[in-house]
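Undergrad: Provided below for reference: sequence and predicted model.
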Amino acid sequence: MGKVHGSLARAGKVRGQTPKVAKQDKKKKPRGRAHKRLQHNRRFVTAEDQTHQRSRHELFHLLIVDFLLFEGLVSLSTKSMDVVEPLFLINYI
């Protein structure tokens, strides 16, 4: 069998070279009911409404249309979602 990842003599080399840093004191995390309350507030109460966000596909398409407008390949009157054909874009990406 061939050698795979070097000898075990070098194991732990990087961790041994890094300087030791003492752990910082942290505030304790809430447990039980308090943690569930925190989760609920984070997920449902203070979370931004994500139902109206555009899909990545739609955003990419708008980016391409804006690029083509900038290059002068599409006029402003034809700026809609069905203007750009994928085969047309191959030369410009």
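TA: Nice, thanks for sending it over. Residues are numbered from 1 along each chain as shown.

Undergrad: where does residue 16 land in three-state SS?
TA: helix (DSSP: H, G, I helix; E, B strand; the rest coil).

Undergrad: What segments of this structure are strands?
TA: With DSSP state E as the criterion, the chain has no strands.

Undergrad: In this protein, where is pLDDT below threshold?
TA: For the chain, applying pLDDT under 70 flags the ranges 1-5, 48-53, 74-93.

Undergrad: in the longest helix along it, what's buried?
TA: Taking DSSP state H as the criterion, the chain has its longest helix at helix 56-71. The neighbour-count check on helix 56-71 (16 or more other C-beta atoms under 10 Å) flags 61, 64-65, 68 as buried. The C-beta positions use only the backbone N, C-alpha and C, and glycine is treated the same way.

Undergrad: the helices in the protein, which residues?
TA: Going by DSSP H, the chain shows helices at 13-17, 33-40, 56-71, 86-89.

Undergrad: which one of those lies closest to residue 47?
TA: helix 33-40 (10.2 Å; C-beta to C-beta).
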